[in-house]
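*Asks:* give me coordinates for this.
(chains A, B, C and D)
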There are 2 protein chains.
Amino acid sequence: MRRPLTFDPIDEAGRQWSQRWDHVEAMRAATSIMRAQQIVLARVDEALRPWELTFARYEVLVLLYFSRQGRLPLGKMGDRLMLHQASITNLVDRLEQQGYLRRRPHPTDRRTTLAELTEQGRSIIEAATKAVVEARVGLSELDADDSDHLYRILTKLRLGAGDFEPDRSRSDRHRGD
Amino acid sequence: MRRPLTFDPIDEAGRQWSQRWDHVEAMRAATSIMRAQQIVLARVDEALRPWELTFARYEVLVLLYFSRQGRLPLGKMGDRLMLHQASITNLVDRLEQQGYLRRRPHPTDRRTTLAELTEQGRSIIEAATKAVVEARVGLSELDADDSDHLYRILTKLRLGAGDFEPDRSRSDRHRGD
DNA sequence: CAATATTACTTTGTGATCAAACTATTTGTC
DNA sequence: GACAAATAGTTTGATCACAAAGTAATATTG
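*Replies:* Prediction:
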């Protein structure tokens, strides 16, 4: 049912917007981000289909894969991935059903649950990542410069949103504060 | 429960990623896009809360607002907003309940349904947009150059995803095709 | 002009996310 | 040590998006 458009709908919306309101650039950028997210998500999900993984579940596995022991508390994973507790619970439920990780009690703190990569989990991550890399993480149209630029601009945004606080205790402090 | 991070989680993930796999820049950019979308969505939704609108429903109203007669077929709105038919149906359901638009039969084609802005709909769009513009559409940390850059880079992506086909029948055709 | 295909929208079911409420455990304080 | 506050994770209920199937109307064609 999708009819192809012969014009950029965001550019067109921008034209109308700018006749009445301010900050067209922000409007165009924000709308582009929304759309870009859909595109990336769809492409990565597609690349991950053979393992029945979604981007979100894949990120959980990669995070575990990167951890020293292959296991982390659920809460810590939520912090790192900027996800809600309930979302982590759901993702881990699903990954546990799939046999890619298992829950383990924390050795000392009985409140916390650890997610631990299974052998199967570890090995599919390597295969799945190969597919994700081949798909250029959904950004095949962009070269390294474009991607870096994107990352740098969006980091300003993430910083402003309080995602993280650059560690000011060591080195590069310039502004007199 | 959110613990503040003292480092950029994407930068950290990139460090690990680059030790094993290719295309770190794409990985960082893609992850940033995912996160940026969450941030923008949360901020715009927040700005729209007084009217009980979400970004998605707001976009539907703005699209109608921009149309000559304040009414459009549901299908056309889906094309413009890159949304699935069912999503449009849901959004229009909700906006109709809220009294911001109403469904109207198409005068000649009895298959198509038009969504038509109500007076209330028209007036709240103006107020709601004021709030959205004040929030800089969720991108307060970015200047006009950043936003333009973002837009231009992401347009490459959207073009590659087949979102639209630049009209090659008129003007600027350079490459010999 | 009847059969078939296409188009427009709705319905239903599923997956993902979040907020809020809940249980269990640990930490802090007097 | 007892009790309040904080922390970890789960459960429940809402919203939103999409896929697939269903209904209705229009267009095509033999």
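
*Asks:* what segments of chain A are helices?
*Replies:* Counting by DSSP state H, one finds helices in chain A at the ranges A:9-20, A:24-48, A:55-66, A:74-81, A:85-97, A:119-134, A:144-160.

*Asks:* mind checking which of the ones you listed is nearest B:Val133?
*Replies:* helix A:24-48 (8.1 Å; CB to CB). For every residue, glycine as well, the C-beta is placed using N, CA and C.

*Asks:* residues from chain A in reach of DNA strand C?
*Replies:* Applying CB under 7 Å from any atom of the strand, one finds that chain A approaches DNA strand C through A:1, A:3, A:54, A:56-57, A:83-87, A:90-91, A:94, A:108-111.

*Asks:* repeat the analysis, applying 6 Å as the threshold.
*Replies:* A:1, A:54, A:56, A:83-84, A:86-87, A:90-91, A:94, A:109-111 (CB under 6 Å from any atom of the strand).

*Asks:* can you redo the helices of chain A as JSON lines with mean pLDDT?
*Replies:* Formatted as JSON lines, those follow (pLDDT from 0 to 100):
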{"stretch": "helix A:9-20", "mean pLDDT": "95"}
{"stretch": "helix A:24-48", "mean pLDDT": "94"}
{"stretch": "helix A:55-66", "mean pLDDT": "94"}
{"stretch": "helix A:74-81", "mean pLDDT": "92"}
{"stretch": "helix A:85-97", "mean pLDDT": "93"}
{"stretch": "helix A:119-134", "mean pLDDT": "95"}
{"stretch": "helix A:144-160", "mean pLDDT": "96"}
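
*Asks:* for DNA strand D, which of the ones you listed is the nearest?
*Replies:* helix A:74-81 (2.5 Å; CB to the nearest atom of the strand).

*Asks:* that closest one near chain B at all?
*Replies:* Yes: for helix A:74-81, a contact with chain B is found by CB under 8 Å from any CB of the partner chain, at A:75, A:78-81.

*Asks:* pull out the buried positions in stretch A:90-105.
*Replies:* A:91-92, A:94-96, A:98, A:100-101 (16 or more other CB atoms under 10 Å in any protein chain shown).

*Asks:* if you could redo that for stretch A:122-134, that was the one I meant.
*Replies:* A:124-125, A:128-129, A:131-133.

*Asks:* go ahead and name everything in contact with that stretch.
*Replies:* A:44, A:47-48, A:50-51, A:53, A:58, A:61-62, A:65, A:70, A:100, A:117, B:20-23 (CB atoms under 8 Å, 6 or more residues apart in numbering or on different chains).

*Asks:* those residues, buried ones only, as a PyMOL selection?
*Replies:* Here is the PyMOL command that selects only those of those that count as buried (16+ other CB under 10 Å):
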select buried, (chain A and resi 44+47+48+51+53+58+61+62+65+70+100+117) or (chain B and resi 23)
